[in-house]
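Trainee: Provided below are the primary sequence and the corresponding predicted coordinates.
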Amino acid sequence: MKMILGASMLAILAATPALAQTAPADPGSSPDPGSATAQREIIVTAPVSRSETDVLQGTSVLTGAELTRQLRPTIGETLARQPGVSATSFGPNASRPILRGFQGERIRVLTDGIGSIDVSNTSVDHAVIIDPLLAERIEVLRGPSALLFGSSAVGGVVNVIDTRIPRTVPENGYRVNGIANYGSAANERSGGMAGDVAVGPHLVLHADGSYLKSDDLRTGKDYLLSAPARAAALSQVGLPQDTDEPIDFAANAALRNKLPNSASETWTAGVGAAIITDTGNLGVSYSHYDSLYGVPVRYATAVGQEQEAPRLDVVQNRVDVRGEVQTGGGFLDRIRFRAGEASYRHFELEEDNSVGTAFYNKGLEGRLELVQADRGGWQGASGVQFFNRIFNVVGDEAFLPKNETNQTGIFTLQQYASGPIRLEGGVRYEHTDLSARTPDNDLRFFRGTREFDAVSGSVGGSYGLTDRIRLGLNASHTERAPSGEELFANGGHAGTQAYEFGSPDFKLEKSWGLEGTLHAHGDGFSFDASAYYNWFSNYISENQVGQSVCDAAAAPSGRTVELPCFQYQQADARYYGFEANASLRVMRVGSYVINVDALGDYVHANIVDQGPVPRIPPMRVLGGIEAQGDRANARLEVEHVFDQNRITTFETRTDDYTMVNASIGFSPFGKDSKTSILLSANNLFDVVARRHASFLKDFSPLAGRDFRATLRFGL
């Protein structure tokens, strides 16, 4: 999974043969940590598929029984218990992954190797347009080598692999897979199905769909507002309010158990087709995504503040193409092509259902790569990637001008293996131009184009001390062009409750990084650990500034701006941390194997001469014990998230919490059956938990006690 840096979305679309050997394990069972399955987990999010123990940096793979157990309505919450991963948790409907403390522009979220082509990187209240219900496999790449998928992916990459474009011909002429799920905390009802049918020996047709409906989320057995927010609200009781609709601060402070305005309804549909031969494949798909979800209320805690209950009406239509041909030998082994185009819009609805703000995004992303044949242990891939985005915001929250981003990247990645030694090296050149299409009569926004040329590179190696233990070290240099939001923003943004200022004068963000890894896998045990350090120059962060700055740049309408003022700024920064996870088989009881496992992660992030980077997840540890058998498995786990006291002046501290979860899974027709049932109880003790990285953590806790039932089936 870590291929070193170099390129943007490399070939995550590993060849059909590679994917065939990495098919998910039976959903009703988990592999023994000492089994061949555990030791030979293949990472396909890379130009050349490799064993997890051969990668230079940390990675996670979520599939089979574990994917079923962790499945939630959003990608962020689905991955939140993986090492080095947290989530933005802007309510239950909009939660994006956080990798090693990085989020937003420094994380790429992909569907089958191509970006999600939405606006989830623009604001934390915008959902990622990927449905976990249809995921076959999710891979997480952390560290510099994730830059294979674009220079903006310095924090990492999440790749969701689905079956929308078929990769293999069904053995029996057809295949059907489905899932049905219920969660008690939000009265969540969801399900999805996907099916393929062979038309002749080479043509495969595909169809899929999913549906989810949930009510307002039930939280833990305490108040919705955090202790500081409740104290602030209660201090306002009885104060005069110059408004026609005075706020009941006492009622705000008394809220508990239910999270108003957090219900949702989402449906998706897709069709695909592929021609598959012994020497290649070519496929295309079309998909539609439609969602209506509420954003939890940021309750007023002071006179003069507003509190709204907006809902987002989201639609995306998307076309994807994937092709691959084997060249028959020689220097090249195969040629791959992958592209996706999408039209996205969402309306932010006021409480009377009127459209307050409309977001429009059209995107096109494609890549062509040439994969070299293995010649005496030397292999690699080279290629080109193109990305185009046209983004526009219209209405009350038009904090950006209409803008266009064009990006072209050229990359090469080379690997060499000889005995216990693995070497990797790569380089990527990327040209980016960002244009603000501001009307001549609008003096609020920058008008013009900024261009950036970025060069990133990485070199590393690993050494196998034994067949079971491998040490690795990687060094990288990355350069990232600022985003349109970081360059051009100038306006009120209710989603983050901030008046945001960008700067068209920003330079490239640059960083140097070192990462060391240790992989140890054997009969009945596994251990994987990564430690990293990153030095940034021109690091872009958003910081609170004086109110007078907002007054000086008030909106053309002349209305009073009451949002706090935040400005993107550049400075030096330092990130360091670690993640580790281990599993050990402790005994066998009859036909069952008893395993214990643990993981931990920590991030320390500082802006030089200023203080902590805002919204950094605190240290976390998780331990579990699991009994695994042919027809059933059971698990009990405890997760403790420490308090976060390293905060900026505009943050509040976040208390620690401990969650206990339990689950039991069945394969009623045997381990080789595709049918499984999972019953789980999450947050058994109904604690109130808040993620420090969430903009809404003082108003929107995580789910309380949640009983879940999931049925998977296949034909």
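Mentor: It's in. Numbers count the residues shown, from 1 in each chain.

Trainee: could you point out where the chain is predicted with low confidence?
Mentor: Applying pLDDT under 70 to the chain flags residues 1-57, 143-145, 547-562.

Trainee: Tell me what the closest residue to residue 383 other than its chain neighbours is bridged to.
Mentor: Once flanking residues are discounted, residue 383 sits nearest to residue 369: 3.2 Å by Cβ to Cβ, 6 or more residues apart in numbering. Using the backbone N, CA and C atoms, a C-beta is placed for each residue, glycine as well. Residue 369 has these beta-bridge partners by DSSP bridges: residue 336, residue 383.

Trainee: Neighbours of residue 369, how many?
Mentor: 25 (other Cβ atoms under 10 Å).

Trainee: Ok, residue 660 next?
Mentor: Other residues close to residue 660 by other Cβ under 10 Å number 14.

Trainee: go on, residue 658?
Mentor: Neighbours of residue 658 using other Cβ under 10 Å come to 13.

Trainee: That one and residue 626: what is the separation?
Mentor: Relative to residue 626, residue 658 is positioned 19 Å away (Cβ to Cβ, to the nearest Å).

Trainee: Same question for residue 472.
Mentor: To residue 626, residue 472 is 28 Å away according to Cβ to Cβ.

Trainee: who's in contact with the residue sitting nearest the centre point of the chain?
Mentor: Centroid-nearest residue in the chain, with Cα atoms, centre = their mean: residue 97, separated by 3.5 Å. Applying Cβ atoms under 8 Å, 6 or more residues apart in numbering, we find residue 97 in contact with 75-76, 79-80, 85-88, 103, 107, 109, 140, 158.

Trainee: Most neighbours of all those residues, which one?
Mentor: Using other Cβ under 10 Å as the neighbour test, these are led by residue 158, with 32 neighbours.

Trainee: what helix or strand does it sit in?
Mentor: For residue 158, the element it lies in under DSSP states H and E is strand 156-161.

Trainee: So in terms of bridging, what pairs with the residue nearest to the centre of the chain?
Mentor: Note on residue 97: beta-bridge partners residue 87, judged by DSSP bridges.

Trainee: can you start the count at 12 instead of 1 from here on
Mentor: Okay, using 12 as the starting number, the last item reads as residue 108.

Trainee: Identify the residues contacting stretch 641-649?
Mentor: So stretch 641-649 is in contact with 39-41, 76, 80, 602, 633-638, 669-679, 681-682, going by Cβ under 8 Å, 6+ apart.

Trainee: Out of these, which end up buried?
Mentor: 39-41, 76, 80, 633, 635, 637-638, 670, 672, 674, 676-678 (16 or more other Cβ atoms under 10 Å).

Trainee: Can you pick out the ones from the residues you listed that are in helices?
Mentor: Residues of the buried ones among the contacts of stretch 641-649 located in helices (DSSP state H): 76, 80.

Trainee: Take the buried ones among the contacts of stretch 641-649 and keep only those in strands.
Mentor: Among the buried ones among the contacts of stretch 641-649, DSSP state E puts 633, 635, 637, 638, 670, 672, 674, 676, 677 in strands.

Trainee: if we can go back for a sec, for the strand holding residue 169, the distance to its chain's centre please.
Mentor: Centroid separation for strand 167-172 versus its chain: 7 Å, with Cα atoms, centre = their mean, to the nearest Å.

Trainee: and if you look at stretch 330-344?
Mentor: Its chain's C-alpha centre and that of stretch 330-344 lie 28 Å apart, by Cα atoms, centre = their mean.

Trainee: Give me the buried stretch members for it, please.
Mentor: Neighbour counts over stretch 330-344 (16+ other Cβ under 10 Å) mark 331, 332, 333, 334, 335, 337, 343, 344 as buried.

Trainee: and the closest residue to the fifth one other than its chain neighbours, how many neighbours?
Mentor: So that's residue 335. Residue nearest to residue 335 in three dimensions, not counting chain neighbours: residue 347, with 4.8 Å by Cβ to Cβ, 6+ apart. Look at residue 347: counted by other Cβ under 10 Å, it has 24 neighbours.

Trainee: what's the answer for residue 239, then?
Mentor: Number of residues near residue 239 (other Cβ under 10 Å) recorded here: 12.

Trainee: any idea which element it lies in?
Mentor: For residue 239, the element it lies in under DSSP H and E is helix 238-245.

Trainee: got a list of contacts for that helix?
Mentor: 234, 236, 260-261, 263-264, 310-313, 663, 709-710.

Trainee: from those residues, which would you call buried?
Mentor: 234, 236, 260, 263, 264, 310, 311, 312, 709, 710.

Trainee: Tell me the one of the residues you listed nearest residue 406?
Mentor: residue 311 (22.6 Å; Cβ to Cβ).

Trainee: Tell me how far that closest one lies from residue 371.
Mentor: 31 Å.

Trainee: ok, now residue 711?
Mentor: Separation of residue 711 from residue 371 (Cβ to Cβ): 27 Å.

Trainee: who's more crowded, those two?
Mentor: For residue 711 versus residue 371, the count of surrounding residues by other Cβ under 10 Å is larger for residue 711: 28 against 15.

Trainee: Just to check, that one is in contact with residue 102?
Mentor: Yes - counting by Cβ atoms under 8 Å, residue 102 is a contact partner of residue 711 at 5.4 Å.

Trainee: Mind listing the shared neighbours of the two?
Mentor: Both residue 711 and residue 102 are contacted by 270, 273, 307, under the criterion Cβ under 8 Å, 6+ apart.

Trainee: for these, which one is nearest residue 443?
Mentor: When the shared contacts of residue 711 and residue 102 are compared for distance to residue 443 (Cβ to Cβ), residue 307 wins out at 34.8 Å.

Trainee: Am I right that that closest one is in a helix?
Mentor: No - using DSSP: H, G, I helix; E, B strand; the rest coil, the assignment for residue 307 is coil, not a helix.

Trainee: How many neighbouring residues does residue 290 have?
Mentor: The number of residues packed near residue 290 is 10, by other Cβ under 10 Å.

Trainee: wait, residue 427
Mentor: A count of nearby residues for residue 427, using other Cβ under 10 Å, gives 15.

Trainee: Can you tell me how far residue 604 is from residue 684?
Mentor: Noted for residue 604: a distance of 19 Å to residue 684, by Cβ to Cβ.

Trainee: quick one: contacts for residue 482?
Mentor: Residue 482 makes contact with 473, 474, 476, 527, 528, 529, according to Cβ under 8 Å, 6+ apart.

Trainee: tell me the SS of it?
Mentor: From three-state DSSP, the assignment for residue 482 is strand.
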